[in-house]
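1. I'll drop the sequence and a predicted model, then ask my questions.
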Amino acid sequence: MNVQDLMVYRDTSSRTVDKYLMPHEGRVIAVRRHPAVLLPALVLVVGGLILCGFAATLVSVMWIWWAWLATLGYLLWKVIAWSVEFFLVTEHRVMVINGVLNRNVAMMPLAKVTDIKMNRSLVGQMLGYGEFEMESAGQKQALRNVGFMPYPEQLYLEVSSVIFGAEDGSPD
């Protein structure tokens with residue numbers, strides 16, 4: 001099986017990802033985290049709305065809504081951060097790119113990856129995400145756990161094929 005056959009590139013924001021690739025390197029897999037990563041911020045906004053609505057009816061003070069606007073701003077910031085965060089696998093490296101104002105790139109060479117494990121919580125199974133845990137041959141790596149991975153079974157198989165190589169046994 002050719003590496004090009006495994007191509008799972010699912011995002012059209014190639015400028016964000018391409019600037020972190022070496023000239024001889026090509027994308028194999030590039031995905032955003034599952035939108036479930038935004039659930040805590042969404043719960044905060046909804047809870048804040050209910051709390052502010054309740055407080056505004058009791059106290060009749062309109063300035064309480066400014067507190068709710070702060071939670072809305074927090075959700076907006078989380079959505080922007082989610083939109084520029086990528087999990088990326090190339091022929092040579094595994095990377096997580098994140099950060100809005102300060103960009104962070106955590107990287108592990110594929111040659112150092114000795115094992116990859118997928119974990120799925122009950123909530124992750126219901127919502128369709130999982131966590132990847134990568135072990136390496138070296139000391140503690142910057143890229144060990146990557147949570148909220150979408151379509152985890154398919155992605156796990158494709159990442160494993162890139163990392164450990166896949167021999168296509170099909171007769172075509």
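-> Looks like it arrived, so ask away.
2. helix/strand/coil for Gly47?
-> For Gly47, the assignment made with DSSP: H, G, I helix; E, B strand; the rest coil gives helix.
3. tell me the contacts of the residue nearest in space to the middle of the chain?
-> With distances taken as Cα atoms, centre = their mean, Arg33 lies nearest the centre of the chain, 2.6 Å away. With contacts defined as Cβ atoms under 8 Å, 6 or more residues apart in numbering, Arg33 is in contact with 82, 85, 87, 129, 147-150. Every residue, glycine included, has its C-beta placed from N, CA and C.
4. switch the cut-off to 7 Å
-> Neighbouring residues of Arg33 by Cβ atoms under 7 Å, 6 or more residues apart in numbering: 82, 85, 87, 148-149.
5. can I get these in a markdown table with secondary structure, neighbour count and pLDDT?
-> Putting these into a markdown table (DSSP: H, G, I helix; E, B strand; the rest coil; neighbours: other Cβ atoms under 10 Å; pLDDT from 0 to 100) gives the following:
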| residue | secondary structure | neighbour count | pLDDT |
| --- | --- | --- | --- |
| Trp82 | helix | 18 | 96 |
| Glu85 | coil | 19 | 94 |
| Phe87 | strand | 22 | 94 |
| Phe148 | strand | 22 | 96 |
| Met149 | strand | 23 | 96 |
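6. can you put those residues in JSON lines and add distance to Ser60?
-> Formatted as JSON lines, the contacts of Arg33 follow (distance: Cβ to Cβ, whole Å):
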{"residue": "Trp82", "distance to Ser60": "37"}
{"residue": "Glu85", "distance to Ser60": "42"}
{"residue": "Phe87", "distance to Ser60": "48"}
{"residue": "Phe148", "distance to Ser60": "41"}
{"residue": "Met149", "distance to Ser60": "47"}
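7. returning to that earlier point: next, find the distance separating the residue nearest to the centre of the chain from Leu58.
-> Per Cβ to Cβ, to the nearest Å, Arg33 is found 39 Å from Leu58.
8. now swap in Ile163 and tell me
-> Ile163 is 57 Å from Leu58, by Cβ to Cβ.
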